[in-house]
Each structure stands twice: as structure tokens, then as C-alpha cells.
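Engineer: Mind folding the following:
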Amino acid sequence: MPEKRKFVNVSLAILEEDFELAYSVLIDYDFLGMEEALDKIILSFEEKNWNEEVKNDLITRLNEVLPNSVKIIKEEVLEEKNWIEEWEKNTEPIKISENICITPEWKKDQIDANIKVIINPKMSFGTGQHATTKLMAQFIEKIIHPDQVWIDAGTGTGVLAILAAKMGAQKIYAFDNDEWSFENALENAELNKVADKIDIKLSTIEEYDFPKADVIVANMFLNLIIISLNKFYKSLCETKGKLLVSGILIYDRDKLLSKAKEAGFILKNEAQEDEWCAFLFVAS
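Structural biologist: Got it, this is the predicted structure:
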């Protein structure tokens, strides 16, 4: 019987004003997922990728670049079985609108919705529970038209690509740089019977060859969005296409808007839930 994989959730005390600088350091580490909270960032590692050397290196580098002190406030080891059990126990169907619901497979028969997006998450982001996913899904419902070509940058579980496919998008190109997310997105596309409409690749955003598109959705960290704005614009400029962006904390709003304007985007709409923002831009 194969040995169960173990994971470590590492909670870092970091002031929200320092998040952006922290990302420039964290991006170099081999973590599976990241969650932001008030003055806290939680990283999920496979246990084999988290040890005293990595811990000390991470804290040293963060404290070299951040103006405020960083410390680890919690380390929690989880077995793979525990992770799955926690999801099955705590993950509930999420109503996005009157027509759309995102649900785990084991609760799909408990809900009544015209469009059910069935997501069996692993360690990737985007189950409908997080405000950024909900905001993006609500925007998708408002702007989607049949026969469009979409790109889902940083697809995670594949939830947004699957929703676009179920709502009539002709073709969706999706990618993620995390192997677990990539495999999970493939599984979820099959589960929702839309695998023929979604081309999913394992790729970084820097390496991904963006085709011409009508819509790009990017639910990612601020620094990744900013460095990718020119690539997004090149993909959308011919169609005067739309860019949906989320994963942005309220205090980063003005910075994103400024950078998007420099890249050639016009802000058309925005929404907010809790401390998170989502934006709809059009390529000028």
C-alpha cells in the first residue's frame, strides 16, 4: 500500500501592506497553494519540501526585504486522508447566482440550479468558496457570449474555464504551473463533460503562448498579473477583448488600475467582496 503523502500548512505573520514585497520572495519556493488573510499568509507545502533549511532561508529572505518583521506563527502537518476528509466535511455548494452553483461531486444532487459546476478539489485554488472565485464567476455570467474564445490564466481547479464552457464559450485555453492543479483541472473538465472544449496545459505564465482571444480571466497574485498585462493585451487587442482580473486586495486597487491603463486597458466595471476586488477591463 503506497505511503500517504503529508502536507504542511505554514502560517506567516505578514502585514497586508507588505504582501506585494513578500510575493517577490515567496514565488521562489516550491509550495502547492497560498491563502491570504488579515495580516497573514498561509502556504501549503508537501512535507518533503519543508524543512529547517527551507524555513530558515524563507524567514531570512523575507526579513531582508520587508520593512516589518516576519515570523512563523503556526505549522500544521496534515495527511492526505485528512485533507480529503476535511474537504468532504466542510465544502458546501456555493450559489453564485440564481442560475449557477459550484458544488463538490458528493453534494451535486442536493442542489437545484440550471448550471452546476462540479469541482472535486485537491490542493488548488478555486472551489467557489473563495471570494475571488465567486466574483469572477459572477462577472463571467454577465459578459459571456456564444462562440467566444477564452483563456483561463492560472486555472487552479479549472472552475472558471468549466463555467465558461458550460455557458457556451466555443473554446477555452487554460493553464497552470502547478502539476496538481493541472491534473485536477483535467479531472474536473472530464467530470463536467466539457473536456473537448478546454485545452489545459502545464505551463508558467511566462512560457505560455497566448493565442488570440475574446476574453482572458486571471485570478492570480497581483505581481503575476502586472508582469503579464502586456501579454494579455497582445492576445486581446485585435478583438478589443475583455480582461477579467481578481485576486486583488482592496489596498492594491489603485496600483493595478494604473498598470492596466499603461498597458492599454480601459476599466469598465469592478466588484468587491470582503477585502477582495475583481475588475473588468477592455483592450482599447
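Engineer: Give me the below-cutoff pLDDT ranges for the stretch 1-150 of the chain.
Structural biologist: 1-4, 80-91, 121-129 (pLDDT under 70).
Engineer: Quick one: the strands in it, in order.
Structural biologist: 6-13, 33-37, 40-46, 71-79, 94-95, 100-103, 115-118, 149-153 (DSSP state E, counting those that start in this stretch).
Engineer: Just name the most buried of those strands.
Structural biologist: By mean neighbour count, with neighbours taken as mean count of other Cβ atoms under 10 Å, strand 149-153 ranks first of the strands of the stretch 1-150 of the chain at a mean of 26. (Each C-beta comes from the backbone N, C-alpha and C, glycine too.)
Engineer: Next, the contact list for the spatially closest residue to Lys107 that is not a sequence neighbour, please.
Structural biologist: Excluding the flanking residues, the one nearest Lys107 by Cβ to Cβ, 6 or more residues apart in numbering is Pro93, at 5.4 Å. Counting by Cβ atoms under 8 Å, 6 or more residues apart in numbering, Pro93 makes contact with Cys101, Ile102, Thr103, Pro104, Lys107, Lys108, Gln110, Ile111.
Engineer: Recalculate using a threshold of 6 Å.
Structural biologist: With contact taken as Cβ atoms under 6 Å, 6 or more residues apart in numbering, Pro93 is in contact with Cys101, Thr103, Lys107, Ile111.
Engineer: what's near enough to touch the residue nearest in space to the middle of the chain?
Structural biologist: Nearest residue to the geometric centre of the chain (Cα atoms, centre = their mean): Asn219, 4.4 Å. Going by Cβ under 6 Å, 6+ apart, Asn219 touches Thr132, Met136, Ser246, Gly247.
Engineer: do Gln272 as well
Structural biologist: Gln272 touches nothing, counting by Cβ under 6 Å, 6+ apart.
Engineer: switch to numbering from 3
Structural biologist: Okay, residue one is now 3; in that scheme the one you just asked about reads as Gln274.
Engineer: can you give me the strands in the stretch 153-286 of the chain?
Structural biologist: 173-178, 200-204, 217-221, 244-251, 267-275, 278-285.
Engineer: elements contacting the first one?
Structural biologist: Helices and strands touching strand 173-178, by 3 or more Cβ pairs under 6 Å, 6 or more residues apart in numbering; DSSP states H and E, are strand 151-155, helix 161-168, strand 200-204.
Engineer: got a list of contacts for that strand?
Structural biologist: Under Cβ under 6 Å, 6+ apart, the answer for strand 173-178 is 151-154, 156-157, 163, 166-167, 184, 200-203, 205, 210.
Engineer: again, only using 7 Å
Structural biologist: 151-158, 160, 163, 166-167, 184, 187, 199-205, 210, 213 (Cβ atoms under 7 Å, 6 or more residues apart in numbering).
Engineer: domains for the chain, by residue range?
Structural biologist: Split into domains by automatic domain parsing, the chain comes to 8-86, 98-285.
Engineer: and the last one, how far out from the chain's middle?
Structural biologist: Meaning domain 98-285. On the basis of Cα atoms, centre = their mean, to the nearest Å, domain 98-285 sits 8 Å off its chain's mean C-alpha point.
Engineer: first vs last residue of it, how far apart are they?
Structural biologist: Start-to-end span of domain 98-285 (Cα to Cα, to the nearest Å) is 27 Å.
Engineer: how about CSV for the helices and strands packed on strand 173-178, with distance to Thr241 added?
Structural biologist: Shown next, in CSV, are the helices and strands packed on strand 173-178 (distance: least, Cβ to Cβ, whole Å):
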stretch, distance to Thr241
strand 151-155, 8
helix 161-168, 15
strand 200-204, 18
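Engineer: Tell me which of the ones you listed lies nearest to Val217.
Structural biologist: The minimum distance between Val217 and these falls on strand 151-155, with 4.7 Å, by Cβ to Cβ.
Engineer: Mind giving me the packing neighbours of the closest one?
Structural biologist: Helices and strands touching strand 151-155, by 3 or more Cβ pairs under 7 Å, 6 or more residues apart in numbering; DSSP states H and E, are helix 161-168, strand 173-178, strand 217-221.
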